[in-house]
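[1] The following comprises the amino acid sequence and a computationally predicted model.
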Amino acid sequence: MALYPMQNTSWAAQENRYGDDKVFDACGLFGFIDTSGQLHDGGPIVTALTNMKERGNGLGAGYAAYGLYDEFADHYCFHVMCRDAASRVELDDYLRRHFAVVHDEPIPSRQVKGILDEPLVWRYFLFPQSSHMAGRSEEDYIVHEVMRINSTLQGSFVFSSGKNMGIFKGVGHPEQIAEFYQIEDYKAYMWTAHTRFPTNTPGWWGGAHPFGLLDWSVVHNGEISSYGINRRHLEMHGYLCTMQTDTEVIAYAADLLMRRHKLPPEVASLVFASPLWNEFEEMTPKKQQMMRAIRQTYGSLLLNGPFTVIIARDGEMIGLGDRIRLRPLAAGVKGDVLYVSSELSAIHLVEPDIEVTWTPLGGEAVIGRLGEAPIAPAKARPSIKQALAQMGLDVPVTMAEEVGHA
């Protein structure tokens, strides 16, 4: 796959409305998967994210939804943002020359107070033309073209490119972005969401989370200090980073490890958050051998620094934190639904009858899969409401009311 020169950065500069150079704080993450495949509207995910409002500053928020385009489920859906009408005409011409476009339309949106200088947002349902693929698989061709568009077309970005899923993101608070994209009108079996407090990079529409490639989406809280070596490793495999953020490398690394190299999520998580070297001594010889092979092969994709991520793809959600747990992650289960969140209060707020909750250890992946009922670990504990009920005690207020006013 050829590499292309990085896109002009003037758009990002325009969106950095406060002239921020470096801001330190937290971000907020939330995600859930209904492993039975039942669809849920966007209301709960917006409620959960808005409950963590102090984790953002209005310079970025977004949502990823899976299972929402059944009518075009077999087609790739490109969500694109364009700086102006001329940029969209140029992008439209490019897409029609390189793909078979089945349907396109504006992404439904509305005017929202506080949303400034929004780009044109459009979606295309398409599939690759075999005459253009040059022996590549469909997925590799999509990756190649997304990289090419995002690095060579001025003022246009493809920010979502999977099948039967979509990413909706921009500059604003969670409730503003939800209203802008009318998130409440969508239904999906899996949702992930992010409220952003930019640290090392500007707050701009293309730099908001989630980040996506094919059906991958990634939301991230933290700072990847290994960004340079991670990026160089990915560029050797044909990926090109153009979004000016450390989170982008996680989406591309997930694609490389789990799609192209076919590693299971449990092993990919050990690449991202490998145990410390001194922990190897406590492992069995067989596990030591496996861990050394992972570190020797994929050491350049180890994520250093404080982080929590939710990585999602069709039928699967992965929650993971750094090895020494410098960023928070909570998990919970209610029936067929697995929840992961930056804050336990957000889980209780959207599911007052949560059955069990737990705090994953650093580097411990929490994985939910479509068709597999979530199983809580032995260390999981009953929710406060469940525990009181087991003791035969009445709960004076709902858990939602309790944590919502905490």
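    Arrived safely, thanks for sending. Everything numeric in this text was worked out from a predicted model, so none of it was measured.
[2] Tell me the secondary structure at the closest residue to Gly203 other than its chain neighbours.
    Spatial nearest neighbour of Gly203, chain neighbours left out: Leu59 (2.7 Å); criterion: Cβ to Cβ, 6 or more residues apart in numbering. No exception for glycine: its C-beta is placed from N, CA and C like everyone else's. Under DSSP: H, G, I helix; E, B strand; the rest coil, the three-state class of Leu59 is coil.
[3] So Leu59 sits against Phe197, correct?
    Yes: counting by Cβ atoms under 8 Å, Leu59 sits close enough to Phe197 to count as a contact (7.4 Å).
[4] mind listing the helices for the stretch 201-350 of the chain?
    227-236, 247-254, 265-272, 285-298, 344-350 (DSSP state H, counting those that start in this stretch).
[5] number of nearby residues for the residue nearest to Gly203?
    Neighbours of Leu59 under the rule other Cβ atoms under 10 Å: 23.
[6] So for it, what's the pLDDT?
    Listed pLDDT for Leu59 reads 81.
[7] cool, and Arg327?
    pLDDT at Arg327 comes out at 92.
[8] Leu91 contacts Met81, correct?
    No: the criterion here is Cβ under 8 Å, and Leu91 misses it with Met81 at 9.7 Å.
[9] Common neighbours of the two, please.
    Taking Cβ atoms under 8 Å, 6 or more residues apart in numbering as the contact rule, the neighbours common to Leu91 and Met81 are Ser156.
[10] Quick check: closest non-adjacent residue to Met81.
    Among residues not flanking Met81 along the chain, Pro119 sits closest, at 4.1 Å (Cβ to Cβ, 6+ apart).
[11] Please tell me I have it right and Leu370 contacts Gly37.
    Yes: judged on Cβ under 8 Å, Leu370 makes contact with Gly37 at a distance of 6.0 Å.
[12] the more surrounded of those two?
    Remark: of Leu370 and Gly37, Leu370 carries more neighbours, 18 against 13, as counted by other Cβ under 10 Å.
[13] Please tabulate the helices of the stretch 201-350 of the chain in JSON lines and include distance to Ala365, mean pLDDT and mean neighbour count as additional columns.
    Below are the helices of the stretch 201-350 of the chain laid out as JSON lines (distance: least, Cβ to Cβ, whole Å; pLDDT from 0 to 100; neighbours: other Cβ atoms under 10 Å):
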{"stretch": "helix 227-236", "distance to Ala365": "18", "mean pLDDT": "94", "mean neighbour count": "17"}
{"stretch": "helix 247-254", "distance to Ala365": "12", "mean pLDDT": "93", "mean neighbour count": "26"}
{"stretch": "helix 265-272", "distance to Ala365": "4", "mean pLDDT": "96", "mean neighbour count": "20"}
{"stretch": "helix 285-298", "distance to Ala365": "14", "mean pLDDT": "93", "mean neighbour count": "13"}
{"stretch": "helix 344-350", "distance to Ala365": "18", "mean pLDDT": "95", "mean neighbour count": "24"}
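[14] Dump those helices to JSON lines, plus distance to Asn164.
    Formatted as JSON lines, the helices of the stretch 201-350 of the chain follow (distance: least, Cβ to Cβ, whole Å):
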{"stretch": "helix 227-236", "distance to Asn164": "26"}
{"stretch": "helix 247-254", "distance to Asn164": "18"}
{"stretch": "helix 265-272", "distance to Asn164": "20"}
{"stretch": "helix 285-298", "distance to Asn164": "30"}
{"stretch": "helix 344-350", "distance to Asn164": "23"}
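[15] who wins for proximity to Gly363 among the ones you listed?
    Gly363 sits nearest to helix 265-272 of all the helices of the stretch 201-350 of the chain, at 7.4 Å, using Cβ to Cβ.
[16] List the contacts of that closest one.
    250, 253-254, 257-258, 263, 291, 294, 298, 301-303, 309, 311, 316, 318, 320, 363, 365, 367.
[17] Among the residues you listed, which are located in strands?
    In this view, the contacts of helix 265-272 that belong to strands under DSSP state E are 309, 311, 316, 318, 320, 367.
[18] Quick check, the last one in contact with Ile318.
    It refers to Ile367. Yes: Ile367 sits in contact with Ile318 when judged by Cβ under 8 Å, with a separation of 5.3 Å.
[19] Counting neighbours, what do you get for the nearest residue to Asp246 once chain neighbours are set aside?
    Nearest non-adjacent residue to Asp246, counting by Cβ to Cβ, 6+ apart: Ile224, 3.8 Å away. By other Cβ under 10 Å, the residues close to Ile224 number 24.
[20] picking that back up, Leu29: which of the helices of the stretch 201-350 of the chain is closest?
    Taking Cβ to Cβ, helix 344-350 is the member of these nearest to Leu29, at 9.3 Å.
[21] Which other helices and strands does that closest one contact?
    Applying 3 or more Cβ pairs under 8 Å, 6 or more residues apart in numbering; DSSP states H and E, one finds that helix 344-350 contacts strand 28-34, helix 43-50, strand 330-334, strand 337-341, helix 399-404.
[22] Local confidence estimate at the residue nearest to Met81?
    For Pro119, the predicted pLDDT is 94.
[23] repeat for the one 3 residues further on
    Each residue has a pLDDT score; the one for Trp122 is 98.
[24] Give me the three-state assignment for it.
    Assigned by three-state DSSP, the conformation of Trp122 is strand.
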